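Asks: here's my sequence, what's the structure:
(2 chains)
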Amino acid sequence: MKRWLYPALLLAALLGIWQLAASSGFLADVLGVEEFLVPSPAEIASSLWDNRSVLLDNAWVTLQEIGLGLACSIVVGLLFAVAMNLSEAVRLATYPLVIASQAIPIIVIAPILIIWFGFGLAPKVVVIALICFFPITVATLDGLRSVDPAAIKLMRTLYASRRQIFWRVEAPTALPSFFSGAKIAAAVAPIGAVFAEWVASNEGLGRLILDYNANYRVDDMFAATLVLAAIAIGFFALLALAERRVVTWR
Amino acid sequence: MNVSIGGLAHSYGELRTIERLDLSVEAHGVVGLVGPSGCGKSTLLELICGLLEPSEGTVSVGPAATAPGRLAECAYMPQRDQLLPWYSAIDNAAIALRNRGVGREQARAEAATLFERFGLVGFERTPPQELSGGMRQRVAFLRTLVSGKPVLALDEPFAALDAITRAEMQEWLAGALRSDPRTVVLVTHDVEEALYLADRVAVLSARPARIVAELRAPDPRAADRDAAITDPAFVAAREEALRALHGGSR
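Replies: The predicted model follows:
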């Protein structure tokens, strides 16, 4: 009960203050801008309702991008982590590259990917996967390496093959870490989606936000951003749920 | 199956852990190894189990003198029980059978007969994290028995338990070995535990480990532990072992 009540009370209080500050014109005065540039929660809510069909259409595009991007990043991230755990040579060789892949700003990579992969879904998925595989790889690798060496010695004396040690000891040990990485990935995936859409797209929530921005439709920007956040929270919740179903021993 | 060690020496890089060590354990014999912390007792067990090859000298288990050969004959019980929290107690105990390709139900059925014999009935499906410390050690020991291997290498199996539970577990293990004799190498830092459970006790020096004294236990694995450990012969043997231990670490 308290788990829901406390955050709900805080949220209601914040929204109430915001509503008062925005509708009274106080916020606009402080910021020194026109009142229509500082929407109140009520105005954002009505924008959500008024634009529901255009928001839903574009949300569906972004949802697909994020879903596919996350799926790819999970596959690639797991492959990297397992390969890096199996072979020291692979780990030493690839770790600097994995880190470098995150050091290059995505805003620099995105246009190149658009040139290579065209205007469709593919470059967006690649951009998202590029951002998201990193936390998954690093967290899963940490999980795999946290296995107690004594557990592996024990398993070796109990007839376990390399493959059995992986599936029965290492993989379950690393599962909670993998989920931590995947949840971080879900939270940052929308950043990739928005950047990729800004570079080249005529649909998606990122594109929509840019259009609204060009027209000073701040209330509609807030509405679209809210939907984007909801998508991220949705994927996060889905992963948290999967974690609870799979990692039953914690 | 007997264990025989001749002229054994082992180093990790520059660090000499074992020096010119000779030891033999007859089939179904129990030898206790006591020594100061960090003296190389665990390394000795890993050498016996075939998890390591020695730098010098020979280690053979029955006819097997190579590491893979010894690995096939020895089961290892590490200091911490290393029960896997994603498996139930019985699936942990049966893991050696599963590793050998036995089906889940058949493996459980085979382990269940041991659960009956060793007082664990009713705990088959309990996850290890819900078992008491003593129960966990029992399951861990049954896991080595279920492997069917002739030689058991026990590395301070009861070190993590409180004194009362440890005494109970020693009595329990003595009973288990009376009814299901195996060749056992028991590493412990507890002289009393070694003298009660083993036929012979070898006292090791500080690193690099060598044997400074060998004692015959007066009444190994007696049914009445309290009577056995207060017997004058036992008390004298314990004093002798402690003197050797303290002389050896000086």
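
Asks: C-alpha only now, for contacts and for neighbours.
Replies: Noted.

Asks: need the residues of chain B near chain A, please.
Replies: Proximity of chain B to chain A, by CA under 8 Å from any CA of the partner chain, involves residues B:49, B:51, B:71-72, B:74-78, B:82, B:84-86, B:95-96, B:99-100, B:127, B:144, B:147.

Asks: domain assignment for chain A?
Replies: A:1-38, A:39-246 (automatic domain parsing).

Asks: one more: chain B?
Replies: B:3-73+B:150-248, B:84-148.

Asks: with mean neighbour count as extra columns, can I get the ones you listed in JSON lines?
Replies: As requested, the domains of chain B are exported to JSON lines (neighbours: other CA atoms under 10 Å in any protein chain shown):
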{"stretch": "domain B:3-73+B:150-248", "mean neighbour count": "20"}
{"stretch": "domain B:84-148", "mean neighbour count": "19"}
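
Asks: lowest-confidence stretch among the ones you listed?
Replies: The minimum mean pLDDT among those belongs to domain B:3-73+B:150-248 (a mean of 89).

Asks: okay, residue B:191 and chain A: tell me how far apart.
Replies: Residue B:191 is 24 Å from chain A, where distance means CA to the nearest CA, to the nearest Å.

Asks: isn't that residue up against residue B:242?
Replies: Yes - using CA atoms under 8 Å, residue B:191 makes contact with residue B:242 at a distance of 7.1 Å.

Asks: show me the contacts for residue B:97.
Replies: B:107, B:146-147 (CA atoms under 8 Å, 6 or more residues apart in numbering or on different chains).

Asks: can you do 10 Å?
Replies: Taking CA atoms under 10 Å, 6 or more residues apart in numbering or on different chains, we find residue B:97 in contact with A:158-160, B:91, B:103-104, B:106-108, B:110-111, B:143, B:146-148.

Asks: where does it fall, secondary structure wise?
Replies: helix B:95-99 (DSSP states H and E).

Asks: likewise residue B:169?
Replies: Here residue B:169 is covered by helix B:163-179, with elements defined by DSSP H and E.

Asks: which residue is the nearest non-sequential neighbour of residue B:200?
Replies: residue B:216 (4.5 Å; CA to CA, 6 or more residues apart in numbering or on different chains).

Asks: and the domains of chain A, which is most packed in?
Replies: Greatest average neighbour count among the domains of chain A goes to domain A:39-246 (a mean of 19), per mean count of other CA atoms under 10 Å in any protein chain shown.

Asks: and the end-to-end length of that domain?
Replies: 43 Å (CA to CA, to the nearest Å).

Asks: and of the domains of chain B, who's closest to residue A:120?
Replies: The closest approach between residue A:120 and any of the domains of chain B, judged by CA to CA, belongs to domain B:84-148 at 43.0 Å.

Asks: tell me how far the ends of that closest one are from each other?
Replies: Domain B:84-148: ends 20 Å apart by CA to CA.

Asks: my guess is residue A:220 contacts residue A:212, does it?
Replies: Yes - proximity of residue A:220 to residue A:212 meets the contact threshold set by CA atoms under 10 Å, at 6.5 Å.

Asks: mind exporting the C-alpha coordinates of the host helix or strand of residue B:187 to PDB?
Replies: Element membership for residue B:187 (DSSP H and E) is strand B:183-188. Output in PDB follows, covering the C-alpha atoms of strand B:183-188 (Å, rounded to 0.1, in the frame of the first residue of the first chain):
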ATOM      1  CA  THR B 183      38.800 -43.200   1.000                       C
ATOM      2  CA  VAL B 184      38.800 -39.800   2.500                       C
ATOM      3  CA  VAL B 185      41.300 -36.900   2.800                       C
ATOM      4  CA  LEU B 186      40.000 -34.500   5.300                       C
ATOM      5  CA  VAL B 187      41.500 -31.000   5.600                       C
ATOM      6  CA  THR B 188      40.700 -29.200   8.800                       C
END
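
Asks: center of chain B, which residue is that?
Replies: Geometric centre of chain B, nearest residue: residue B:154, 1.9 Å, by CA atoms, centre = their mean.

Asks: angle of the host helix or strand of it against strand B:183-188?
Replies: Element membership of residue B:154 [criterion: DSSP H and E] is strand B:151-155. Angle, strand B:151-155 to strand B:183-188, by axes from the mean of the first three to the mean of the last three CA atoms, to 10 degrees: 0 degrees.

Asks: what's the spacing between strand B:151-155 and its chain's center?
Replies: From the chain centre to the centre of strand B:151-155 is a distance of 3 Å (CA atoms, centre = their mean, to the nearest Å).

Asks: each with direction, which strands does it pair with?
Replies: When pairs are called by DSSP bridges, strand B:151-155 turns out to pair with strand B:74-77 (parallel), strand B:183-188 (parallel).

Asks: what inclination does the longest one have with respect to helix B:163-179?
Replies: Between strand B:183-188 and helix B:163-179, the angle comes out at 170 degrees (the same axes, to 10 degrees).

Asks: what's in contact with the host helix or strand of residue B:238?
Replies: Take DSSP H and E as the rule and residue B:238 turns out to sit in helix B:232-248. Helix B:232-248 is touched from outside by B:34-36, B:189-196, B:201-207, B:209-220, B:227-230, with contacts defined as CA under 10 Å, 6+ apart.

Asks: show me the residues you listed that map onto strands.
Replies: B:34, B:201-204, B:211-216 (DSSP state E).

Asks: right, and the helix or strand after the longest helix anywhere in chain A?
Replies: Criterion DSSP state H: the longest helix present in chain A is helix A:52-86. Going down the chain from helix A:52-86, the next helix or strand is helix A:88-103, by DSSP H and E.

Asks: after that next one, which helix or strand is next? Please name it.
Replies: helix A:106-117.

Asks: model confidence over that next one, on average?
Replies: 85.

Asks: who are the packing partners of that helix?
Replies: helix A:121-145, helix A:171-199 (3 or more CA pairs under 10 Å, 6 or more residues apart in numbering or on different chains; DSSP states H and E).

Asks: can you list contacts of it?
Replies: Here helix A:106-117 has contacts from A:101, A:118-124, A:126-128, A:130-131, A:191-192, A:195-201, using CA under 10 Å, 6+ apart.

Asks: again, 6 Å this time
Replies: A:123, A:196 (CA atoms under 6 Å, 6 or more residues apart in numbering or on different chains).

Asks: next, the angle helix A:121-145 makes with that helix.
Replies: 120 degrees.

Asks: next, the angle helix A:171-199 makes with helix A:106-117.
Replies: Using the same axes, to 10 degrees: helix A:106-117 against helix A:171-199 is 80 degrees.

Asks: how far away from the center of its chain is helix A:106-117?
Replies: Using CA atoms, centre = their mean, the offset of helix A:106-117 from its chain centre is 19 Å.
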